[in-house]
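Student: could you work out the structure for the sequence below:
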Amino acid sequence: MTKGKKILFVCVENAGRSQMAEGFLRKYAPQFDVISAGTKPQSQLNSHVIDVMKEIGIDITEQKPKELTNEMIVQSVTVNMGCMDKESCPALFVDDVIDWNISDPKDKDIEQIRKIRDEIKNKVLNLIKKLDE
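Tutor: Model prediction:
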């Protein structure tokens, strides 16, 4: 794949999983253009998600939830983080999607959010290897 390829991480609220994935890709593969978005974005990021990312040296405080647009989908390799709300599931709107099926950190305790963070990190690192092939 060419350098500068656009990667889009999507979920429903764009307040947790997709934001963590965006933060990891920014850190580990700055050669890619990355964005995250949601079908029903929240007004702000999950504060516990911000905290667990800070624990490992990634600051996502400046990232903001964004609404998913057709333009984002058309221009990007799209990764669906998983769906808690089947009617708003991003995979319904995207034909060619990578689906990770990761638990939503919303309403989870800090230990569970750390496990989700670590799962996302591993998946992002594997994605980077595939994108660089």
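Student: how deep is Val103 tucked in, by neighbour count?
Tutor: You called it Val, but residue 103 is Ser. 16 (other C-beta atoms under 10 Å). Any C-beta I mention is one placed from the backbone N, CA and C, and that applies to glycine too.
Student: Ile116 versus that one, what's the distance?
Tutor: 6 Å (C-beta to C-beta, to the nearest Å).
Student: and what of Lys106?
Tutor: 10 Å.
Student: surely Ser36 touches Ala15?
Tutor: No - Ser36 is beyond contact range of Ala15, at 9.7 Å (criterion: C-beta atoms under 8 Å).
Student: neighbour count: the two, which is higher?
Tutor: Between Ser36 and Ala15, counted using other C-beta under 10 Å, the more crowded position is Ser36 (30 against 26).
Student: show me what whatever helix or strand that one lives in is packed up against.
Tutor: Ser36 is located in strand 33-38, with elements delineated by DSSP states H and E. Here strand 33-38 touches strand 6-11, helix 17-28, going by 3 or more C-beta pairs under 8 Å, 6 or more residues apart in numbering; DSSP states H and E.
Student: can these go into a markdown table with extra columns for mean pLDDT and distance to Gln75?
Tutor: Shown next, in a markdown table, are the helices and strands packed on strand 33-38 (pLDDT from 0 to 100; distance: least, C-beta to C-beta, whole Å):
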| stretch | mean pLDDT | distance to Gln75 |
| --- | --- | --- |
| strand 6-11 | 93 | 5 |
| helix 17-28 | 97 | 16 |
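Student: Val79 is nearest to which of the ones you listed?
Tutor: strand 6-11 (5.1 Å; C-beta to C-beta).
Student: for Pro41, what are its contacts?
Tutor: 13-15, 65-67 (C-beta atoms under 8 Å, 6 or more residues apart in numbering).
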